[in-house]
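1. okay, here's the prediction I keep looking at, along with the sequence it came from:
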There are 4 protein chains.
Amino acid sequence: MNTRTELLRDHACLVLHGPDRPGIVAAVTTFITSNKGNILSLDQYSDDANGGAFFQRVVFQRPDLAAAMPELELGLENTLGRFGLEWTLTDQSIPKRMAILASASDHCLLELLWRQRGGELPVTIPMVISNHTNSADDVRTFGVPFFHVPSQGADKSAAEAEIVKLLAGNVDFVVLARYMQILSDSFLENVGVPVINIHHSFLPAFIGAAPYRKAKERGVKLIGATSHYVTKDLDEGPIIEQDVTRVDHTHSAADLQARGAYVEREVLSRAVQWHAEDRVIRQGNQTIVF
Amino acid sequence: MNTRTELLRDHACLVLHGPDRPGIVAAVTTFITSNKGNILSLDQYSDDANGGAFFQRVVFQRPDLAAAMPELELGLENTLGRFGLEWTLTDQSIPKRMAILASASDHCLLELLWRQRGGELPVTIPMVISNHTNSADDVRTFGVPFFHVPSQGADKSAAEAEIVKLLAGNVDFVVLARYMQILSDSFLENVGVPVINIHHSFLPAFIGAAPYRKAKERGVKLIGATSHYVTKDLDEGPIIEQDVTRVDHTHSAADLQARGAYVEREVLSRAVQWHAEDRVIRQGNQTIVF
Amino acid sequence: MNTRTELLRDHACLVLHGPDRPGIVAAVTTFITSNKGNILSLDQYSDDANGGAFFQRVVFQRPDLAAAMPELELGLENTLGRFGLEWTLTDQSIPKRMAILASASDHCLLELLWRQRGGELPVTIPMVISNHTNSADDVRTFGVPFFHVPSQGADKSAAEAEIVKLLAGNVDFVVLARYMQILSDSFLENVGVPVINIHHSFLPAFIGAAPYRKAKERGVKLIGATSHYVTKDLDEGPIIEQDVTRVDHTHSAADLQARGAYVEREVLSRAVQWHAEDRVIRQGNQTIVF
Amino acid sequence: MNTRTELLRDHACLVLHGPDRPGIVAAVTTFITSNKGNILSLDQYSDDANGGAFFQRVVFQRPDLAAAMPELELGLENTLGRFGLEWTLTDQSIPKRMAILASASDHCLLELLWRQRGGELPVTIPMVISNHTNSADDVRTFGVPFFHVPSQGADKSAAEAEIVKLLAGNVDFVVLARYMQILSDSFLENVGVPVINIHHSFLPAFIGAAPYRKAKERGVKLIGATSHYVTKDLDEGPIIEQDVTRVDHTHSAADLQARGAYVEREVLSRAVQWHAEDRVIRQGNQTIVF
């Protein structure tokens, strides 16, 4: 990560959203410029010209960013307060800490480990937690701690509590890399950071279990995968990314699963990268991806 | 169509399906060869090596095909009878007769008229029936008769009866090119030929009305279209073809509709072509597409 | 176009590019805001954080835009002069005037006429010029003037002169919709407006004549189309858009041509739309597409 | 591989090609049926109805296949001799032996190791040979021998001789998984088995070195990868598979390389699988892929 960190030194990312009002863009860009910032990229979107919501992501370079963060935050509070906007300012040279939860299938897990090692994902991986043990050696080969938290029986609360304890304070977001346990509402509350899932269908088609079998039964000509933020409603959270691949009548449900695996890992990787780069803003049950 | 007819002169297409048994392929190909046929293409599929269903499409050239059809049919009956197969033999130089039913939206309708005129669809179009009048001039420019059958009020039975009367005996299949009326079960029985529909979503997502609005609300990142045979269950018939295109948060529901229109017309055209070329075999609620 | 014109009333589009310097975004957005403009969308791109080129497209709503244009242009000159930027300001409610040049193949021509009629392209079409006559009736059905300018013999200069005379002062850009004549350098100079071409291959593969035949001979598994600005070097101009579709060994060169036709019309339509919406900026032999 | 071996027990694959003549399909299928074979799948293709070339791939199940192979081969010789066809008969339960040659980039190498371990590729991997050492540990983690054969200096003949010696008799085909050395004509002759390459562009665009840099300079909107059989002409061999992914002006040449890596590994994996399953037939400089 040294090269990436060096490339992103003094890069700040400001993400803001709220009610659209005239003058926001000018106010934000003037603030940045007058605070020694050089704008490198700027994306913005208004969902309605006449009084809708406003979304913006600005990346700017600012000398001595680390030292200036408190001062910039204070200034932004003063500048943006009157517009009623929510905002976050992050130092892009600090990678987000990502925990991965997995089960027996390892294709999504290994893809993330691999891309992170190759410097393609701006994250660190403090831990992998699995309810199976088969990936332990592979994970540790990447220099990543592996924790086995079995989840047998009907009552998952002990397992969930153990996972929350491992994660608490150590991670900025969690990825369910084909983690095949349904998490409780209280888990989501207790974990306190965004949770990203990969579902092995083109949602909203084939919600729930066994989507490849259902896809085979329905006779679809494309199968897909969907990465989304996890909410209390199973497979109903805001979609970050989706993609599909073509299949035909010669493919069995097992073939669909094998082909789908490559869509899953690609879709999940994109979603993780975009989240880690602060490109995704949740708006109701939808996402803006800059 | 003269060129196409010439190219396909003496081309026969044999489609068969039924229980898989050893020896079918040998029996069929030996029959064709010993009846002066030269096999041009052969596709086959078995859905289970151990006692499943068998599907085959063979195209062969046979001198003086038109005269020999009765003799070939009799021979096939004798040859295939012991295997318990269903089969159809068609003369590929005779285009199928396709009626189009449409409503106000004309993109799918015009696409079919256009491709037919360009010689890309092996069909004739004896008539277009619409419950709107806006496309009348366009349709007649193509030299195709246009019939207006309004369908107002709750009781559609008179309109359906009129449509059935127009179609009876005159067409080999019917295409619903964004025909926005739900057809009754009795219509499907009375019309007596296959009916192909284009649904403006990636089924089984967004069944029923207003799929683009639903797609916008769900925040999907791809939208699609599905062409399927019409059955008594709305949007549940065997899928012939599907495709998708990428969208993002900047697209309104109206944008989705505009972008989706091009997927609809492409997907419907492919489905119509494959049906007209006897490439599609229905198996339960699925299709084999050779 | 009435609806579109209404929707885009008082919408201005400012496109600028030049050397990247700190403060441009703030200066531009502050100017717009202080001149009663409400920014609706803003895209920007810098090709190098350390002293590269800067590109921006801003759409803003400004009451009484038509009356205020001269005043806005003067103000922009004052504001942007010190940055050394090139810029254009357009009233989005005024559609660009697009001439189409075509030959015998009509798929790209009809696609553009059709989309324009459907309100999907923000252009008017003052004329279609063809060196063939087969499309004359179709074109006039759309209410568009059709001019036949034959181009036989080795010397095309008379034909080119006639085309230039028809276009002069009447159009904002020209589209070569499978116009199969090579235009001279002097034509490009004399016509004086951007010229967009569709090439029936995935450039830079298969430059020049008969790309589908060459694709068949090379045995490629995908074929494509490329829309680009025309420059003096054949098929070498800045690419606006490309796309591909899958083919296999069963497709003849004629099949590739038929399948490719649908990619061509889609790719050309996108390129035309983006150009007409001022989304494309040329930078050397490349394009920025916002 | 045990499961796969079990599934494919007694599965034979017969691939044949040669001049098209009436009666081939009947003769082949009758032979198989009369030799206790049950045809599971059959693909055939004729490149011209009037005297072109004929290609066929048949998979059939035959009890006690291993013992019956000599007898089947003798019978095929007798049956097919009069048609002048070339043919190969393989026992599908015996995986092909695949050597991988790699350099510093490990994405294609690891993808193949990973898919082979997951049972998705019907191959064994007797060895990986690299002119770099960085992947040695990873390769050996998969239980695969790793050999380092440096190739410095202008004269590669010693290195090539060492590679040929390692491969001789031990492998059925060789994959160049981003092996960045140009192999001599004599290497190809001496190695004596098919060699499959992955080129990091959509051939024939960007032949030779640095295709991603060239793609950036040309400003293409899609980048791709091509897997092909290696012949004496660099990047000119018969194409097995290609695919592309979308890029835009914001991507640097390094970004293209990172995004392209995922296309490369997908395209190479498909090509390897199809080759290993005897689905690819070379015909001049083209391929038939069943």
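-> Everything's here; your move.

2. am I right that residue A:187 sits in a helix?
-> Yes: assignment of residue A:187 by DSSP: H, G, I helix; E, B strand; the rest coil places it within a helix.

3. count of neighbours near it?
-> Residue A:187 has 21 neighbouring residues, counting by other CB atoms under 10 Å in any protein chain shown. Every C-beta, even on glycine, is put in place using the N, C-alpha and C of the backbone.

4. same question, residue A:7
-> If you count neighbours by other CB under 10 Å, residue A:7 ends up with 11.

5. and it, backbone torsions?
-> phi -60, psi -30 (degrees, to the nearest 10).

6. ok, the one 5 residues further on next?
-> Backbone geometry at residue A:12, expressed as degrees, to the nearest 10, gives phi -110, psi 150.

7. confirm for me that it is in contact with residue A:63.
-> No: using CB atoms under 8 Å, residue A:12 is not in contact with residue A:63; the gap is 11.0 Å.

8. so these two - more neighbours on which side?
-> Remark: of residue A:12 and residue A:63, residue A:12 carries more neighbours, 24 against 11, as counted by other CB under 10 Å.

9. that one: what's it in contact with?
-> Residue A:12 makes contact with A:37, A:59-62, A:65, A:69, A:72, A:89-92 under the criterion CB atoms under 8 Å, 6 or more residues apart in numbering or on different chains.

10. among those residues, who's most crowded?
-> residue A:60 (27 neighbours).

11. what pairs with it across the strands?
-> residue A:12, residue A:39 (DSSP bridges).

12. next: residue A:101.
-> residue A:129, residue A:176.

13. count of neighbours near it?
-> Using other CB under 10 Å, residue A:101 has 25 neighbouring residues.

14. gap between it and chain D?
-> According to CB to the nearest CB, to the nearest Å, residue A:101 and chain D sit 21 Å apart.

15. what ranges does the stretch 151-290 of chain A have for its helices?
-> According to DSSP state H, counting those that start in this stretch, the stretch 151-290 of chain A carries its helices in the segments A:157-167, A:185-191, A:211-218, A:253-276.

16. which of those sits closest to chain D?
-> Ranking the helices of the stretch 151-290 of chain A by their distance to chain D (criterion: CB to the nearest CB) puts helix A:253-276 first, at 5.9 Å.

17. and that closest one, which residues are buried?
-> By 16 or more other CB atoms under 10 Å in any protein chain shown, the buried positions in helix A:253-276 come out as A:256-276.

18. how about the residues of the stretch 51-200 of chain A that lie near chain C?
-> Neighbours of chain C within the stretch 51-200 of chain A, by CB under 8 Å from any CB of the partner chain: residue A:61.

19. show me which residues of the stretch 51-200 of chain A are close to chain D?
-> Residues of the stretch 51-200 of chain A that fall close to chain D, judged by CB under 8 Å from any CB: A:107, A:110, A:114, A:118, A:120, A:141.

20. in stretch A:36-52, what's buried?
-> Those would be A:37-46, for stretch A:36-52 by 16+ other CB under 10 Å.

21. so can I have CSV of those residues showing pLDDT?
-> Formatted as CSV, the buried residues of stretch A:36-52 follow (pLDDT from 0 to 100):
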residue, pLDDT
A:37, 95
A:38, 91
A:39, 91
A:40, 89
A:41, 90
A:42, 92
A:43, 92
A:44, 92
A:45, 91
A:46, 87
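
22. in strands, which of those appear?
-> Taking DSSP state E as the definition of strands, the buried residues of stretch A:36-52 contribute A:38-46.

23. sorry, back to before: which among the residues of the stretch 51-200 of chain A next to chain D gets closest to residue D:81?
-> Top of the list for closeness to residue D:81, among those and by CB to CB, is residue A:107 at 47.4 Å.

24. relative to residue A:93, how far out is residue A:122?
-> Per CB to CB, to the nearest Å, residue A:122 is found 9 Å from residue A:93.

25. what about the residue of the stretch 51-200 of chain A found nearest chain B, how many neighbours?
-> Nearest to chain B, among the residues of the stretch 51-200 of chain A, is residue A:55, at 8.4 Å (CB to the nearest CB). Counted with other CB under 10 Å, residues neighbouring residue A:55 total 21.
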